[in-house]
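Colleague: no sequence for this one, just the structure:
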């Protein structure tokens, strides 16, 4: 931590290796609203992928691209709404705005990643904010997943308009969501922690007619 | 009267109903039979039910007049249970289902024998348009009594009185081409567009698609038209890029091709939605469609003729007769007289005769009718009276005869004597009005076409009308027009396709129609029997004439004065006739009188469908902190702040009795002042600010100085808008030279973030700084009170908590309960306090660990109410409670937080020197001490100097915050008072609603520990 | 219900994702201290409010969070263009059909400035 | 003027309504008038009426580009109340309320002013603080009002969901019994008929295309029917004020926004009073005809199109169903929009301008209809005397430069 960037900006590992009980943003929701297990009738299935590492990366694309490529091994999505994943599909970078990207990595990698990026970026003007505790990832899968989304988001989720490799920030019912399509079958919703219960209740309600199930 | 099961008007064969499925239904308490495929209207007609309702103003008996959305009379109340009631359902659009239960919306004691009808008959003459404006004025005190009586007579159906058991939802749709209407034009358009590969949605309001082709006499490729419909619908439904939405009405066209479609998913099955495969289904669904291109294939509505007593049951639209005969196998009478201005309406007579019943005569207003259909009628031996029209219907509860006379259309008079022909049905047609509703929803004014005798739409970019909707009526031409519109739409949306092969339709030679709206009567309009223009609102030709005589010359005035077009049918049948009458009376042309524009909705839409899922607990999000479960388990009462559910107070059970809020808050307050309390402060907004210019930026948006705040230190800041008024406050910590963590008020988080962004992006992009919300990432808990350090020492590692190394307004990193934490020594209570930030996923563990260790120190959870009391004792403000957008930092007595000598003219600074902002005697923040310590002043109480002053009493200010302080053993308050800072020690008065006048002394707003020693230990 | 082309996202998005923020090109006076009260009042409150072509500031609040400008007809509600901060409109009250291109090119200012 | 009465109705019925007179003339414009009122809506017509009736100035023209009463007068949700927070606003709206109370008799035209009371609901603790503050201020200003509990609310309006299970439970309300609704069109027509009878020329289909100004003094207007002269001109053109001002070289602190409203199908009486909620954002009353008349919030963008965005309607109906869950099955008949000129402080401008003799009365936002008689009354007095009436004086344009705003936004709790 001798880099100048690190001195002027205080990084902080908010995660600990100690065996400490953690609660994902949906923990309360499971208790409050229950979590119907998927059945043969379920045309859509929801599952939370909790405790991932979420970083917001701000800066000019030209500034960031090299560092991201060097550190993460994937290139910054060049086009708006782009979503790029590594070969394993475990690490992703999503275009959020011309100078903002969302990086999601396996939980525990985020602090090291932040430090490596900071080191690689040196004195350049950029910002990295760790938001891992503030959001969670909810997956939707199944043939009715798109219909559930059509009930919920104003964005056009038709495959011709929302191919794999796309991600957008948009309106979800009365909150906002980052919606991504990492593969043909799977949709990802990045949800803010404090709105997670609302989103969960909404999905249960909107998915009711498709006998939505929750994988835990 | 007809017997149940009789279906006396049902034909032995024909129609598209399923005769194998008999359905039983109840109307006005009587049970009848119908068939699957019937509408309620067709089933009622089949059973010979003449009177379905009573009219709004005159209580006249009314029957079914039309067969679709334009029906003005047949409005019924649907539903069995109280919660399942649906008011004002048009019988013509309601599919019949087994067990359907309906009643008339008006009529007392019933529609057959209606006492109000007597009033209408006797009193009708005294109720000209504007009747209400001209009477009930004396004495003034009586109006509220009169109004009660008037209101009782008003209204149609009734609202259910219990909550809706059904659910509704929305579907956000996007397509390249939206086709509204699945008649010949719509189907052709859809097929043409769909073949190009474009994403197509087809919405049609009826139970099945096909529109006029479903009752057409014409052959398409030498086959019945309905066969082409079936094939086309089948083809469309097999295409992946096509969404077919039957029972779906396009109700509103909004800007940029946003269209609302109301899909009724279960209303044809039952009054409340039945389960499907054991799962609830939505009763109706609103599709919010963003379309690349829109094709309006909405067809045309037939116009009735306006003649005497044209409202008596048995009067109908000519086209409706054909629809009932051909589509439902129902002949709505035995002896028909037809009164027409055009050829197309002759279909009614042909269909009637073919159904085996008697056509008495056709009165044709044209001197020499000679079209193909006319010849067919002649060939069938139907008597045609040329140059004539029905001038008056006879009959009371049902038409008994028609008076037919020769009419001089130019001179608007009857020529010669009238002939009275016995009949039970009079059908009329005065031509057709293109359905231009959607096209005019965004303000496009239609154009009158003298040849078509109708308004044709002027559409905006991206929208095209096709077929009847733009006055193209011949079936072959309609198909071609639709196909072309569909192809154009797809092409404009970026697709290409070959043109469509269309079915062959024999061309029919129709004679020219003649303009006829109101039929002249032997008597002048004001003396003639009532000639109804708007049946639902009981607007007559005489009413329109009186309105114009009184100076209501614009059609908008006429409509408003007479209420024409303000019914649930929005004048679909009456508006053009009304305009024509106004035009005639004023000696102008129809377009000179005005145009007719429509507003959404095309037909009424259930509130529930518009609301969708956004009701009940999903009406608005509730935001929870990571400790919410704990709060719930502890029985906290919650206060909502900007969608966050915050614990308000934690009532305990003491001796089996739950504490009141007052008791709980007193206990919580003392715990903090004497021992230690804990607050969930996670809801405060937190913004991560990084960049070399972060410090400069803070100096511009805060009123105070930031240039020298060192890493490891925290500072309070005040934010103003550029009008100098305070809008938020909070602490900001320097994490690194280029790195700050800003906190905002709970409700202000989003606003402040956007505030920072707008200044950065639009004014100071040269400043290198980024802002990110980290509100949800961190959970925040405040440990405060004299014992706070002891408790912290037990659970904290890697931090030196010694008062000299971890001072007030310092922050440090370490671990709390084994979890990495940032700890801030800031205090909103005036006590020793630590604000702990940990990653939210660990928060509950940290919280519970604190309690595991806190018991011996008397650790007490407290809520927002206690927080408010404690901060008010210290004179700390809550932005939005103690400020209201009209308070400057100086008004708050916060001169110390204003950096007047900062080099940059920070936001709000300039405005502070405006005459009104800098004047003395502004309302200033002070403390108020009630003379009686047991008094807790009301928040919002007004402050006066002379409580005996007459009303209006000059007010000096008001109480912004007020509480009982168990520490001070007294009520106390914060207030704003004119010139308050100079009025310390003065007495003011607070006159209350109940007549009491409280006395209070103006004091410093800092009630406790003015030197700040308690927080600094 | 507007369909708005976000110049930063490069695609049309639903109106609900955006918030209008009033008239565009209202720059904060460079030297507030030397503004008269009238000038400061003008900056704070007085607006053109035209019937017809209007340049207005919007933010893609639920999206890229960027502020940008829209030229919109306040009667027909037609959106004639959207453009980034610091750029100048092509369609103006003086040039409702679009300004001559040469003029448009020279008018471009540095990124992110309201004026 | 033909007087209206119950007896007169019988007489007219016997003569088949053939003898009704025009309610106002359709005069040819004169070359000049003492006063020109630009704008033939409720406020403009009423200004002319009071000029003639109370100040003896009858040589007055009201110039209207369309048909009289065709702007916001015809498009509002007809709520009348005077429980405004700040002294200046309360004085203005209460002055109006007192005029409403005798208006039908004064005009011999039943404007159907129905004092069925207005509830402003509170759903949060801050709402309640604001409500208490406002009611306390109202009472000391001589405006009727009280703070009522959920139990009292249930008695006033039984269908309101006052249960605790609502997403936003009702914590209380302010209650102004003298508030209510009136028949909007009748207000314009009644004032028009009254003004016409006193000699005022109402010039419909006459559009002002410019002002004649010389040496900083107004001396007339250009219209599509020729020039008309007057040394005093009052502009009362809600929804178009900025455009008019621009013609006179004046800039106003206004933005014109769409304000939407909607009605249900007519229903048998089901609501007793006017219910407004700022927090869940919707307000509703039932017209004498039976429609639920529902008002929405202002759309955020400038717009002269008399229409707004659909989500505004959706949010409003969500609020209505939140308050009245049984209305979920009621159906929405029609929606429309007006154009409201909004001021930064949600209070109007009644003011002289830098052009001598040219006055503006504008910026009423959502408060215009309820203020009609009061606004016109003080405006007429100001035009007649050349000095602003004391009630009008605080509403000068100057306040936006001095900072003396009357901010009804934050504090009043209710924006409509």
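Modeller: The structure has been received and is ready for your questions. Since the model is a prediction, treat every value here as computed from it, not as a measurement.

Colleague: pretty sure residue D:103 contacts residue D:190?
Modeller: Yes. The criterion here is Cβ atoms under 8 Å, and residue D:103 meets it with residue D:190 at 7.4 Å. From N, CA and C alone the C-beta is placed, and that goes for glycine too.

Colleague: all helices of the chain, in order?
Modeller: Reading this off chain A. For chain A, the helices defined by DSSP state H occupy A:4-8, A:27-33, A:61-72, A:110-121, A:145-152, A:196-206.

Colleague: Sorry, I should have been clearer: chain D.
Modeller: D:6-14, D:42-55, D:87-101, D:103-107, D:125-140, D:150-156, D:184-197, D:241-247, D:310-323, D:368-385, D:399-402, D:408-412.

Colleague: worst-scoring helix or strand of chain D, pLDDT-wise?
Modeller: Ranked by mean pLDDT, DSSP states H and E, the weakest helix or strand in chain D is helix D:408-412, scoring a mean of 57.

Colleague: Revised request: answer the last question for chain C.
Modeller: Lowest on mean pLDDT, DSSP H and E among the helices and strands of chain C sits helix C:101-106, with a mean of 54.

Colleague: For the residue nearest in space to the middle of chain A, list the residues it contacts.
Modeller: By Cα atoms, centre = their mean, the mean C-alpha position of chain A lies nearest to residue A:190, the distance being 4.1 Å. Residue A:190 sits next to A:54, A:102, A:104, A:135-137, A:177-180 when contact means Cβ atoms under 8 Å, 6 or more residues apart in numbering or on different chains.

Colleague: What spatial separation is found between it and residue A:182?
Modeller: 11 Å (Cβ to Cβ, to the nearest Å).

Colleague: swap in residue D:213?
Modeller: For residue D:213, the distance to residue A:182 - Cβ to Cβ - is 67 Å.

Colleague: how distant is whichever strand or helix holds residue B:848 from the center of its chain?
Modeller: Assessed by DSSP states H and E, residue B:848 sits inside helix B:843-854. On the basis of Cα atoms, centre = their mean, to the nearest Å, helix B:843-854 sits 47 Å off its chain's mean C-alpha point.

Colleague: same check, this time on stretch B:430-441
Modeller: 24 Å.

Colleague: Please apply the same query to stretch D:358-373.
Modeller: 6 Å.

Colleague: cool, and stretch B:33-50?
Modeller: In terms of Cα atoms, centre = their mean, the centre of stretch B:33-50 is set 33 Å apart from its chain centre.

Colleague: Stretch A:139-156 now?
Modeller: The answer for stretch A:139-156 is 16 Å, by Cα atoms, centre = their mean.

Colleague: What of stretch B:476-494?
Modeller: Taking Cα atoms, centre = their mean, one finds the center of stretch B:476-494 at 33 Å from the center of the full chain.

Colleague: neighbours around the closest residue in space to residue B:110 that isn't next to it in sequence, how many?
Modeller: Counting by Cβ to Cβ, 6 or more residues apart in numbering or on different chains, residue B:110 lies nearest to residue B:28, which is 6.5 Å off, once chain neighbours are set aside. Residues within reach of residue B:28, counting by other Cβ atoms under 10 Å in any protein chain shown, total 17.

Colleague: Please apply the same query to residue B:95.
Modeller: If you count neighbours by other Cβ under 10 Å, residue B:95 ends up with 21.

Colleague: Over to residue B:524?
Modeller: Close neighbours of residue B:524, defined as other Cβ under 10 Å, add up to 12.

Colleague: Quickly note the distance from it to chain A.
Modeller: Shown here: residue B:524 relative to chain A, a distance of 58 Å by Cβ to the nearest Cβ, to the nearest Å.

Colleague: doesn't that residue fall inside a strand?
Modeller: No. Counting by DSSP: H, G, I helix; E, B strand; the rest coil, residue B:524 falls outside a strand, being coil.

Colleague: Chain B against chain C: which residues are in contact?
Modeller: Residues of chain B found near chain C (Cβ under 8 Å from any Cβ of the partner chain) are B:254-258, B:290, B:442-443, B:460-461, B:722-723, B:754, B:757-758, B:761-763, B:765-766, B:905, B:909-911, B:914-915.

Colleague: And the strands in chain C?
Modeller: Remark: strands assigned in chain C by DSSP state E are C:3-6, C:11-14, C:19-23, C:53-59, C:67-73, C:79-84.

Colleague: Name the next helix or strand downstream of the helix ranked longest in chain B, please.
Modeller: Ranked by residue count, the top helix of chain B under DSSP H comes out as helix B:475-492. The helix or strand immediately downstream of helix B:475-492 is strand B:532-534, counting by DSSP H and E.

Colleague: Mind giving me the packing neighbours of that next one?
Modeller: In terms of contacts (3 or more Cβ pairs under 8 Å, 6 or more residues apart in numbering or on different chains; DSSP states H and E), strand B:532-534 is packed against strand B:539-540, helix B:541-549, helix B:575-586.

Colleague: Sheet partners, orientation included, of that strand?
Modeller: strand B:539-540 (antiparallel) (DSSP bridges).

Colleague: which regions of chain C lie under the pLDDT threshold?
Modeller: Residue ranges of chain C with pLDDT under 70: C:101-115.

Colleague: Buried ones in the lengthiest helix in it, by neighbour count?
Modeller: Assignment by DSSP H gives helix C:37-45 as the longest helix of chain C. Using 16 or more other Cβ atoms under 10 Å in any protein chain shown as the test for burial, helix C:37-45 gives C:37, C:40-45.
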